[in-house]
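Engineer: Below: sequence and its predicted model.
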Amino acid sequence: MSRRRCRPATMLAGLLVLALSAFLLPSVSAASTSLARAVPLTELTVVSERVAFGLQRPIAITGLPDGRMLIAEKNGTVRAYHPDTGLAAEPVLDLTARIDTSDNERGLLGITPAPNFARTGILYVSYTSLPAGALTLARVPLGAPDRLQVLLTQEHAEYGNHNGGQVAFGRDGYLYWSTGDGGHANDPFKAGQNLGTLLGKIVRIDVNRTCGATPYCVPRGNPFVGVRGARPEIWLYGLRNPWRFSVDPVDGSLWIGDVGQGLVEEINHIRPSQGGANLGWSCREGTPVFDPQQCRPGMRYTDPVFEYDHYNDNCSVTGGVVYRGSRTPEAWGTYVASDYCSTRVFAVRPKSDGGYESATIGNFPTQPTAIGTDVHGELYVLSDLPGWLNRVRFERVPPAVANR
């Protein structure tokens with residue numbers, strides 16, 4: 001929260017993800033109906049209900065096929081919550097012996113189940129590892145920390161902030177991972193525009209295969225494969241601290257909340273065809289120019305679809321998710337994000353003309369750190385230092401009230 005082409009196995013994995021999405025989410029006809037009933041964002045508001053407390057700095061949340069939610073705590077433990085039985089007293093996974101928590105932003109940062117989790121029980125996690133805070137991507141069977149396998153690391157010793165940390169599977173079956181620019185302020189390592197480092201990037205790898213001694217493969221379609229001096233794992237670059245992003249399970253696009261320096265917080269929407277996009281940092285902070293020396297002639301930068309300033313208690317964007325649940329058809333297809341300090345809830349939705357509409361639709365409970373969904377696509381939000389889990393629903397605001 002700083003202000004601070006495919007081989008058969010890969011194709012099969014992608015098909016499994018597609019099949020799972022089709023099973024869990026509304027059908028195409030249902031989706032069309034929901035979109036037809038969509039209302040202007042200004043006629044929506046969010047309401048939160050606390051359903052669990054006693055969490056220790058909850059930082060990431062993900063839904064499981066059996067209806068449980070897994071919640072990562074910064075110290076390295078993972079807790080399970082089920083709406084029928086509540087929050088389990090004991091952790092279902094304990095990685096504390098591996099986690100560097102020496103800074104406010106270090107710790108266990110991301111968690112997501114493998115697409116075949118119901119059969120394998122495998123989770124993918126990201127964390128800052130002992131002894132020096134290296135950004136680490138690993139997989140581990142639920143409840144078996146001794147069987148953890150490290151997949152990829154990136155040195156991050158000098159500063160404790162800007163660690164990124166989100167992990168998520170795309171509809172393509174590949175694993176995506178976000179990293180921060182290295183920390184401190186002002187992009188001290190000029191990492192955002194440097195394709196030779198994984199800092200300040202979103203990475204895409206194939207974890208269903210191994211290539212030589214490497215426990216993963218780089219997809220042939222990655223944009224910098226074969227580019228001299230570039231890390232082939234990179235999917236997107238020019239990010240500052242994208243510590244929360246999500247994949248829309250309907251179209252496979254990425255929605256990224258990238259934390260700004262001191263002026264602008266931004267949300268980016270990247271389609272699957274936009275691999276290799278440069279999101280600007282540290283030439284730009286959002287759309288404004290930040291460091292002209294990092295701007296290159298002729299370079300194309302991808303603008304955020306929404307940005308907001310630091311006035312009125314805003315400080316750090318908490319990237320969210322696209323609502324694909326069924327309880328509120330009027331909100332279907334709406335992206336929801338928040339701000340860690342102000343707790344405002346920002347709603348963003350693509351328009352048919354290619355633009356975007358946006359609105360502020362209420363507030364979340366204090367210090368929202370992560371927004372996630374259950375197996376049905378319904379929303380939950382975590383609160384950091386209070387240690388809360390809150391269920392979120394939408395309510396319709398009468399047009400006369402919304403237009404006041």
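Structural biologist: It's in.
Engineer: Tell me the spacing between residue 372 and residue 320.
Structural biologist: Distance, residue 372 to residue 320, using Cβ to Cβ, to the nearest Å: 9 Å. All C-beta spots, glycine's among them, are computed from the backbone N, C-alpha and C.
Engineer: So which of these two has more stuff around it?
Structural biologist: Using other Cβ atoms under 10 Å, the more surrounded residue of residue 372 and residue 320 is residue 320, with 30 against 24.
Engineer: That one against residue 255, yeah?
Structural biologist: Yes - if you go by Cβ atoms under 8 Å, residue 320 and residue 255 touch, sitting 7.3 Å apart.
Engineer: Now for these two: what residues contact both?
Structural biologist: Both residue 320 and residue 255 are contacted by 246, 335, 337, under the criterion Cβ atoms under 8 Å, 6 or more residues apart in numbering.
Engineer: From the residues you listed, pick the one nearest residue 358.
Structural biologist: When the shared contacts of residue 320 and residue 255 are compared for distance to residue 358 (Cβ to Cβ), residue 335 wins out at 9.1 Å.
Engineer: For that closest one, give me its contacts.
Structural biologist: 255, 267, 269, 320-323, 347-349.
Engineer: how near is it to residue 160?
Structural biologist: Using Cβ to Cβ, residue 335 is found at 30 Å from residue 160.
Engineer: Repeat that for residue 172.
Structural biologist: 33 Å.
Engineer: One more: residue 254?
Structural biologist: Using Cβ to Cβ, residue 254 is found at 26 Å from residue 160.
Engineer: So between these two, which is more surrounded?
Structural biologist: residue 254 (27 against 20).
Engineer: Verify the stated contact: the more buried one with residue 275.
Structural biologist: No - between residue 254 and residue 275 there is no contact, the gap being 9.9 Å when judged by Cβ under 8 Å.
Engineer: Touching both of the two, which residues are there?
Structural biologist: Common neighbours of residue 254 and residue 275 (Cβ under 8 Å, 6+ apart) are residue 236.
Engineer: Around residue 84, count how many other residues there are.
Structural biologist: For residue 84, the count of nearby residues is 6 (other Cβ under 10 Å).
Engineer: so who does it touch?
Structural biologist: residue 67.
Engineer: and it, what pLDDT?
Structural biologist: Reading off the confidence values, residue 84 has pLDDT 97.
Engineer: which SS class is it?
Structural biologist: Judged by DSSP: H, G, I helix; E, B strand; the rest coil, the three-state class of residue 84 is coil.
Engineer: again, but for residue 158
Structural biologist: Of the three states, residue 158 takes coil under three-state DSSP.
Engineer: Verify the stated contact: residue 375 with residue 70.
Structural biologist: No - Residue 375 lies out of contact with residue 70 (Cβ under 8 Å); the separation is 11.6 Å.
Engineer: And those two? Which one has more around it.
Structural biologist: Just comparing residue 375 and residue 70: by other Cβ under 10 Å the higher neighbour count belongs to residue 70, 21 against 15.
Engineer: Quick check: that one touching residue 92?
Structural biologist: Yes - at 7.1 Å, residue 70 counts as touching residue 92 under the criterion of Cβ under 8 Å.
Engineer: and for these two, which residues touch both?
Structural biologist: 78-80.
Engineer: got a markdown table for these, with distance to residue 197 too?
Structural biologist: Below are those laid out as a markdown table (distance: Cβ to Cβ, whole Å):
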| residue | distance to residue 197 |
| --- | --- |
| 78 | 29 |
| 79 | 34 |
| 80 | 36 |
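Engineer: ok, those residues vs residue 290, which is closest?
Structural biologist: Relative to residue 290, the closest of these is residue 78; by Cβ to Cβ it sits at 36.5 Å.
Engineer: What is the neighbour count of that closest one?
Structural biologist: By other Cβ under 10 Å, 23 other residues sit near residue 78.
Engineer: How about residue 80?
Structural biologist: Neighbour tally, residue 80, other Cβ under 10 Å: 20.
Engineer: Now it: which helix or strand?
Structural biologist: strand 77-82 (DSSP states H and E).
Engineer: ok, back up a step: of the shared contacts of residue 70 and residue 92, just say which sits nearest to residue 133.
Structural biologist: residue 78 (20.1 Å).
Engineer: which residues touch the closest one?
Structural biologist: By Cβ under 8 Å, 6+ apart, residue 78 lies in contact with 70-72, 91-95, 108, 111, 123, 142.
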